[in-house]
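[1] Sharing a sequence plus its predicted fold:
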Amino acid sequence: MSDVLSTSLQYVKGVGPRRAADLARVGLLTVEDFLLRFPLRYENRADVRAIGSLRPGQVATVIGDVVTSGVRTTRRPGFRLFELVVKDASGPVRAVFPNQSFLRDIFHPGARVVLYGALEFRGSSGMQFTNPDYEVLHDPADGEERDESIHAGRIVPIYEKAGSVTPRMQRTLIHRLIGELPPELADPLPEAIRVARQLPDRRRAIAETHFPAEGTDIGALNASGTPAQQRLIFEEFFLFQAGLIVRKRRHAGEKKGRAVVVDDRIRESARRVLPFRLTNGQKTALREIVTDMQRPEPMNRLLQGDVGAGKTIVALLAALVAMENRLQVAFMAPTEILADQHYLTIRRLLDKSSFRIASLTGSITASRRKEVLAELKSGTIHLVVGTHALAEQAVGFHELGLVVIDEQHRFGVLQRATLRGKGANPDVLVMTATPIPRTLALTAYGDLDVSVIRELPPGRLPMTTVAKAESRRDEVYRLARKELDAGRQVYVIYPLVEDSEKVDLRAATAMADHLRVEVFPEFSVGLLHGRLKQDEKDRVMSAFARGDIHILVSTTVVEVGVDVANATLMIVEHAERFGLSQLHQLRGRVGRGAHASTCVLLYQPPLGDAGKARLDALVSTTDGFDIAERDLALRGPGDFFGTRQSGLPTLRVGDLMRDHQLMEEARRDAVAWLDTGGAEPLLKYLSSNWATRFGLVEVG
Ligand code: ADP
Ligand code: MG
């Protein structure tokens, strides 16, 4: 499909090589990049004022005739001022433009011009504009009459500066480009969908997005809510979803090495390892997973569940099914502590089985590592638990059948792919404790199937969260003492900010000493942080798990997964420094046992608005999905996932939060359209225009 919009800007008449290079540098390579991008905002410059009614401080549009114009030298050497006097029926006004002598070729006496800007009162000179936006409407020198103004006297689009290309230049260029578009523009949106949704055609949508018609609601424009804007957003979402669906269907065409078979022997084997009854949510999730594993196509599934929902056992049972089918399993966790904890849990549960399991992290000895690698290769190790060390090149398997990835959002998409590449299209189960809002699950993970465990295992008591200013620390210590006297344990969490790791570490160490010596001399205090050697970490963590350490001062290394049921109080220092989802994850460390528990968020006043909103959210709800939605709203999707890990598309005009409704509609339409088989032109369009941008390289 040849498309005028995909023309490189470099070849567009009137865009010099220097400007083209500058635009390319900021990612505006083609006419499409340029036109399918919304202005930063819109300004209403349509209301023309009588010059005689102008007041200082006012921002106004005036239309008048040029009375005098010329360049004036000033006392400052090399500084020249272009001066203009414009007059309408009600009087004159002055405009000055520092160092823009070229304007004398633009403003000829007698020309009709429009000016827009802020007004100042300059004593005897009267009212004055400095550097107003301007446009010549009629010039007697060339007799030309402009049919449309661009920069003032209308609703004007304001663009983000692109390299050396000013908003004004962009406006001029975009206006010209739109003028050169053919009346019938190839439209990637299927006609039937466009008609059913009553969307304006593509050319009109582009034109009215950049140069809105007179009377368009400025509020709607700035909220990207006009029909023209909505049509372009819908187009973007539709194409994106179509790409995802196509990619997913491609994958669905792949065959895995070997599908599992489930029989009574395997069911019995699973029952034997199970230490409790599964919740309904766990049962459903497990059924969905095992059904996938029995299919010839590889599984690609996301298992979502709040902290403590019991995802590990579900993954372990899936692993057992794979192993009973003589397939190997790789279980990847984001941190060593967590990998070790999984390793211990799994080893305990599989104690009586004949399966051999091993752990592979960055800190095992070279000789042990060699052994493990050899046994993975020969197939005598059936399940390996590890960190990203599992994704290293040296790691190979005899027959890898299942990859389980815990806490997905910590890993890059790349690591997921690398690990998967170590088998012949193995099944992949991704687990996350960060409940992902539906909108984002559809976008970031649009190619994954999703299972959700909503309820927590029975017997959990509700947990209370309170936020307290630093100055009320004494109350908090009294609460801690009460818990400790009752035989419970306490976490004290310190933030570790990367930039100042040393400083923060010193603070955490000092806090541990202070608690040990001055506040709780009769209790045992431990310290855990990322700088400790692995065996030291293990020693501390297992001492805390055994109850030998009563108070554990820790940096956020305990954030994910660590499980000590007797810990009932968590004190978070400098809670204002943590993100919302992170705080929610943290507090999930307590409230895992049969005792009621509390999380105290200690903060350093004054709190900013965002900080206050975060703490309020935590105090008012324990629902992880609710938290996730609020976090998303507070931070935006990029931050939500952290830029490095973000699998999110860079959307040009759509906004995942603002337009999530439209995204869901676009997904429905895309599914329906691809099912009708009328997909061919759409696929061509996707592969030529969208493949690299959205990482949909396999499309087309
Ligand atoms: P998460 O989903 O956060 O990874 P875990 O898998 O670590 O949660 O489970 C949290 C705790 O709940 C563990 O101690 C686990 O043994 C326990 N648990 C999980 N499922 C059940 C269940 N169905 N009944 C009772 N306890 C359970
Ligand atoms: Mg977990």
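    Arrived safely, thanks for sending. Ligands and ions are numbered 1, 2, ... in the order given.
[2] Is stretch 584-591 in proximity to ligand 1?
    No. On the criterion C-beta under 6 Å from any ligand atom, stretch 584-591 is out of touch with ligand 1, staying 6.6 Å away. For every residue, glycine as well, the C-beta is placed using N, CA and C.
[3] in that stretch, what counts as buried?
    Buried positions in stretch 584-591, judged by neighbour count with 16 or more other C-beta atoms under 10 Å: 584-591.
[4] now stretch 8-20
    By neighbour count on 16+ other C-beta under 10 Å, the buried set for stretch 8-20 is 9, 12, 15, 19-20.
[5] now, which of those sits nearest ligand 1?
    Taking C-beta to the nearest ligand atom as the measure, ligand 1 lies nearest Leu9 of the buried residues of stretch 8-20, at 50.1 Å.
[6] what about the residue in the chain that ligand 1 sits nearest to, how many residues close to it?
    Ligand 1 sits closest to Gly310 of the chain, with a gap of 2.8 Å, by C-beta to the nearest ligand atom. Gly310 has 18 neighbours, counted by other C-beta atoms under 10 Å.
[7] about what we covered before: so can I have a markdown table of the buried residues of stretch 8-20 showing secondary structure and distance to ligand 1?
    Formatted as a markdown table, the buried residues of stretch 8-20 follow (DSSP: H, G, I helix; E, B strand; the rest coil; distance: C-beta to the nearest ligand atom, whole Å):
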| residue | secondary structure | distance to ligand 1 |
| --- | --- | --- |
| Leu9 | helix | 50 |
| Val12 | coil | 55 |
| Val15 | coil | 55 |
| Arg19 | helix | 54 |
| Ala20 | helix | 52 |
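[8] Widest-spaced pair of those residues?
    Spatial extent of the buried residues of stretch 8-20 (C-beta to C-beta) is set by the pair Val12 and Arg19 at 9.9 Å.
[9] by contact count, what packs against the top helix by length along the chain?
    Longest helix in the chain by number of residues (criterion: DSSP state H): helix 227-253. Here helix 227-253 touches helix 202-210, helix 438-444, helix 660-675, helix 680-689, going by 3 or more C-beta pairs under 8 Å, 6 or more residues apart in numbering; DSSP states H and E.
[10] Can you give the distance of that helix from its chain's centre?
    18 Å (C-alpha atoms, centre = their mean, to the nearest Å).
[11] Please point out which parts of that helix sit buried.
    Of the residues in helix 227-253, 227-247 count as buried by neighbour count, 16+ other C-beta under 10 Å.
[12] If we check ligand 1, which of the residues you listed are in contact?
    Subset of the buried residues of helix 227-253 in contact with ligand 1: empty, counting by C-beta under 6 Å from any ligand atom.
[13] Just the angle for the longest helix of the chain relative to helix 660-675, thanks.
    The directions of helix 227-253 and helix 660-675 differ by 50 degrees, with axes from the mean of the first three to the mean of the last three C-alpha atoms, to 10 degrees as the criterion.
[14] Return the distance of the helix or strand just after helix 227-253 from the chain's centre.
    Using DSSP states H and E, the helix or strand that directly follows helix 227-253 along the chain is helix 264-273. Counting by C-alpha atoms, centre = their mean, helix 264-273 is centred 41 Å from the centre of its parent chain.
[15] which residues are contacting helix 264-273?
    316-317, 320-321, 324-325, 349-350, 352-353 (C-beta atoms under 8 Å, 6 or more residues apart in numbering).
[16] ok, now with 6 Å
    317, 320-321, 324, 349 (C-beta atoms under 6 Å, 6 or more residues apart in numbering).
[17] for stretch 214-222, same thing?
    By C-beta under 6 Å, 6+ apart, the surrounding residues in contact with stretch 214-222 are 41-42, 44, 212, 226.
[18] Can you say which of these are buried?
    42, 212, 226.
[19] How about the second one: what's its closest non-neighbour residue?
    The one in question is Pro212. Nearest non-adjacent residue to Pro212, counting by C-beta to C-beta, 6 or more residues apart in numbering: Ile155, 4.7 Å away.
[20] Tell me what that neighbour is bridged to.
    Beta bridges link Ile155 to Asn44 when assigned by DSSP bridges.
[21] where in the stretch 1-150 of the chain is pLDDT low?
    Scanning the stretch 1-150 of the chain for pLDDT under 70 picks out 1-3, 144, 147.
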